[in-house]
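Sequence and computational prediction follow.
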Amino acid sequence: MSRGKRYEEPKLNLKKVFAVVIAFIVLIMCIVMIKGILSKDKEQGNISSKDYFVAYENNKWGVIDSSGNIVIDPSYQEMIIIPNSKNDVFLCTYDVNYDDGTYKTKALNSNNEEIFTDYDKIEAISNTDENNNLSYDGNVLRVQKEGKYGLIDFSGKSLLPCEYDNITSVEGLQGAIKIVKEGKVGVADDKGQILIPTEYNDIEKLGEQTSQGFIVQNEEGKYGIVDISNNQVIEAKYDSVSTIHQGDYYVVTESGKQKIIKKDGTEVLNGDYDEIVSILKNPENGVIYKKQNKYGIMKLDGTITINPNYDDLKEAKTETFIASNNGKYGIIDLSNETKLEFKYQSLTYNEKADIYIGENEQFNNEILDSNYNVRLTGILIDLDDEKGYIEIRQEDEYKYYNFRFEEQNQADIFTNNTLFVSKKDGKYGFVDKDGNVIVDYIYDDATKQNEFGYAGIKKDGKWGAIDKNGKVVQEPTYNLEDYLKIDFIGKWYLGKDLNMNYYRDQ
């Protein structure tokens, strides 16, 4: 009897076994890490997929989420502050004594639990821009303990110990924190890193970025400039230093007179003017200056390029200027040649889009290309630099264009939206991305769907809202004729004061 072929037992592949073991260990580590994240101490404010907003109801303040659900019942007399809408950290002020200015604060999370209880006070760090728009630092909080201030992040981690006399923002500059210790001022960033030690009388912003440095005042009350590492850029010996600068050219004041100097202190302009308004993008072309409340252009050697005859003058592009005369705006070049007729009530330039936006006497907008040709006319609703689109209302229809003035499909711009405004026979409805009607054409007006899935609907002069499926979540009952922006989260509509950024339902 013949014997069948004998097969050897396969040998163990150690490389494969090792790889499987490593993969298993990594999997276990990932599970542990995820579990740790999900089970973080409730003392911390956690990043959430939800957004949170201040709510106002029955003259009291609370918090809602981006689905319109009440998170903190509106029960507080003072407005709740939400420094970062992505974090469930809500700052409440209570027991306010308006006579002596004292008050108490506490921080709550989305479970209505008090957090950061080791501190006497927890506050947001507020800031304002040149237009007085209010904002808050979205990365850090100011805390107080035993009369001294420190910084924490939104997880409660200490970034600066409570050893400072005061902590505020560097006004007009995001991410820069002014710190005061023993009467001296320094600067930290929003990660708690000390950029400028506390050794100055005062510190102000120089430009729009911390990387551009800071204006500092020394003990003698004189001003100079330091960079982000506290290296001297301009010696602190001037009566003042302006935020006006371009490259290595800076505007300072000495003995009551503005002048332009270079980094080494060399004086490059000290002409016949009342005020230096700006240094041109190419400094060799000079500056915009004021004389007897009129604007002109002067070279660095004092030569007048454009006499001070204009009511306003701003550089749009190199050697191109938006000017105002007799209440009307137009465009001139460096030779004072009129490139665009003086006919607009207002005129601005958007550098990223390379377009001009004018407003005519009928309060309609005219959008012009770089050659000053009118390409669009209507009411400008939005211009988004990041997504690269223009939203404009033309003959009661909302239309979208790219920066080449090509009309765009809403679905190609708002790829996450489920509904799109459509108009038919003078009425508004909503369609899906394929053009199928989801909401019938029964409304007098409508807004585009916001990032949370809600859109405004108007009927018989009143506003309401629908959700991402076209379901009415608020019947049109609100009179919002005086509101600059119509926006809904569930039944809640955006308050009239856009600077406060709150929602209400009555």
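Thanks, I have it.

quick one: what helix or strand has D412 in it?
Here D412, judged by DSSP states H and E, is contained in helix 410-413.

right, and the helix or strand after that helix?
Downstream of helix 410-413 (by DSSP H and E), the next one is strand 420-424.

Distance from that following strand to the middle of the chain?
30 Å (CA atoms, centre = their mean, to the nearest Å).

quick one on the thing from earlier: which positions in the helix holding D412 come out as buried?
410, 413 (16 or more other CB atoms under 10 Å). Where you see a C-beta, it was placed from the backbone N, CA and C, and this is true even at glycine.

One more: stretch 59-72?
Buried residues in stretch 59-72, counted by 16+ other CB under 10 Å: 61-66, 68, 71-72.

same thing with stretch 316-324?
316, 320-324.

Pull the most distant pair out of those residues.
Within the buried residues of stretch 316-324, T320 and S324 form the most distant pair, 14.8 Å apart (CB to CB).

How is the chain divided into domains?
With domains defined by automatic domain parsing, the chain comprises 201-268, 409-506.

For the ones you listed, give me JSON lines that also has distance to Y310 and mean pLDDT.
Compiled in JSON lines, the domains of the chain are given as follows (distance: least, CB to CB, whole Å; pLDDT from 0 to 100):
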{"stretch": "domain 201-268", "distance to Y310": "18", "mean pLDDT": "96"}
{"stretch": "domain 409-506", "distance to Y310": "30", "mean pLDDT": "96"}
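
Can you lay out those domains as TSV showing distance to S346?
TSV is the format used below for these (distance: least, CB to CB, whole Å):
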stretch	distance to S346
domain 201-268	23
domain 409-506	16
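
N350: which of these is closest?
With CB to CB, the closest approach to N350 among the domains of the chain belongs to domain 201-268: 16.4 Å.

Endpoint to endpoint, the closest one covers what distance?
Using CA to CA, to the nearest Å, the end-to-end distance of domain 201-268 comes out at 28 Å.

do stretch 361-371 as well
22 Å.

Give me the distance from that stretch to the chain's centre.
25 Å.

which other residues reach it?
317, 340, 344-345, 354-360, 374-380, 390, 392, 405 (CB atoms under 8 Å, 6 or more residues apart in numbering).

for that stretch, what is the average pLDDT?
Stretch 361-371 carries an average pLDDT of 95.

Could I get the buried residue list for that stretch?
365-369.

Surely K427 and D445 touch.
No. Here K427 does not reach D445: they are 9.5 Å apart, not a contact under CB atoms under 8 Å.

Among the two, which residue is more densely surrounded?
D445 (18 against 15; other CB atoms under 10 Å).

export stretch 84-93 as CSV, just CAs?
Written as CSV, here are the backbone C-alpha positions of stretch 84-93 (Å, rounded to 0.1, in the frame of the first residue of the first chain):
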residue,chain,number,x,y,z
ASN,A,84,-15.1,80.3,22.3
SER,A,85,-18.3,78.8,20.8
LYS,A,86,-16.6,75.4,20.3
ASN,A,87,-16.0,75.0,24.1
ASP,A,88,-18.6,74.4,26.7
VAL,A,89,-17.2,77.1,29.0
PHE,A,90,-19.8,79.6,30.0
LEU,A,91,-18.8,82.6,32.2
CYS,A,92,-21.5,83.9,34.5
THR,A,93,-21.5,87.2,36.5
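
mean confidence for it?
Stretch 84-93 comes out at a mean pLDDT of 97.

quick one: it to chain centroid distance?
17 Å.

Stretch 144-153 now?
26 Å.

and what of stretch 382-398?
On CA atoms, centre = their mean, the centre of stretch 382-398 falls 19 Å from that of its chain.
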